[in-house]
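A.B. asks: Dropping a prediction and its sequence here:
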Amino acid sequence: MKEYFYIEGHKSKADYEAEETLVLDDSRAYASEETALAKAQEYFDKNDELTLIVIYKGVKLGDRYGHKYIFRNQDGMLEEVDNWWSDHSGC
């Protein structure tokens with residue numbers, strides 16, 4: 001079964017009690033990681049509230065897992081981090 005990439009964006013918590021940080025839930029499925037990364041960059045350029053984008057990988061109506069994390073660092077620059085704590089290559 002073909003896997004796709006999905007994008008979800010979050011803002012920083014306003015305080016410790018804040019629970020909801022989701023500000024972007026892109027329902028589109030992207031066929032390649034490169035396409036999803038380009039779209040994530042576009043979202044960051046358009047929305048200053050975004051501080052974190054999670055790119056998920058998975059099947060359309062099945063399980064998804066965090067594949068790559070893009071965040072705005074203290075200097076306002078974007079940094080990418082791969083999912084390092086689990087191996088989903090068999091998913």
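C.D. replies: Here it is on my side, so go on.
A.B. asks: Strands along the chain, start to end?
C.D. replies: Along the chain, the segments classed as strands by DSSP state E run 4-10, 22-30, 52-58, 64-72, 78-82.
A.B. asks: Just put these in CSV and tack on distance to K39.
C.D. replies: All C-beta atoms are positioned from the backbone trio N, CA, C, and that covers glycine. Formatted as CSV, those follow (distance: least, C-beta to C-beta, whole Å):
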stretch, distance to K39
strand 4-10, 6
strand 22-30, 7
strand 52-58, 9
strand 64-72, 11
strand 78-82, 13
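A.B. asks: out of these, nearest to A40?
C.D. replies: Taking C-beta to C-beta, strand 52-58 is the member of those nearest to A40, at 4.6 Å.
A.B. asks: May I see the buried residues of the closest one?
C.D. replies: Judged by neighbour count (16 or more other C-beta atoms under 10 Å), strand 52-58 contains these buried residues: L52, I53, V54, I55, Y56, K57, G58.
A.B. asks: Centre-most residue in the chain?
C.D. replies: V54 (1.6 Å; C-alpha atoms, centre = their mean).
A.B. asks: residues touching that one, list them.
C.D. replies: Applying C-beta atoms under 8 Å, 6 or more residues apart in numbering, we find V54 in contact with I7, E8, G9, H10, G66, K68, Y69.
A.B. asks: Quick one: buried ones out of those?
C.D. replies: Of the contacts of V54, these count as buried by 16+ other C-beta under 10 Å: I7, E8, G9, H10, G66, K68.
A.B. asks: Looking at those residues, which gets the smallest pLDDT?
C.D. replies: Among those, G66 carries the lowest pLDDT, at 89.
A.B. asks: So it sits against N83, correct?
C.D. replies: Yes. Using C-beta atoms under 8 Å, G66 makes contact with N83 at a distance of 5.2 Å.
A.B. asks: distance of D48 from S12?
C.D. replies: Separation of D48 from S12 (C-beta to C-beta, to the nearest Å): 11 Å.
A.B. asks: Could you count how many residues lie near S12?
C.D. replies: Burial measure for S12: 12 neighbouring residues, criterion other C-beta atoms under 10 Å.
A.B. asks: So what's the predicted local confidence for it?
C.D. replies: S12 is given a pLDDT of 87.
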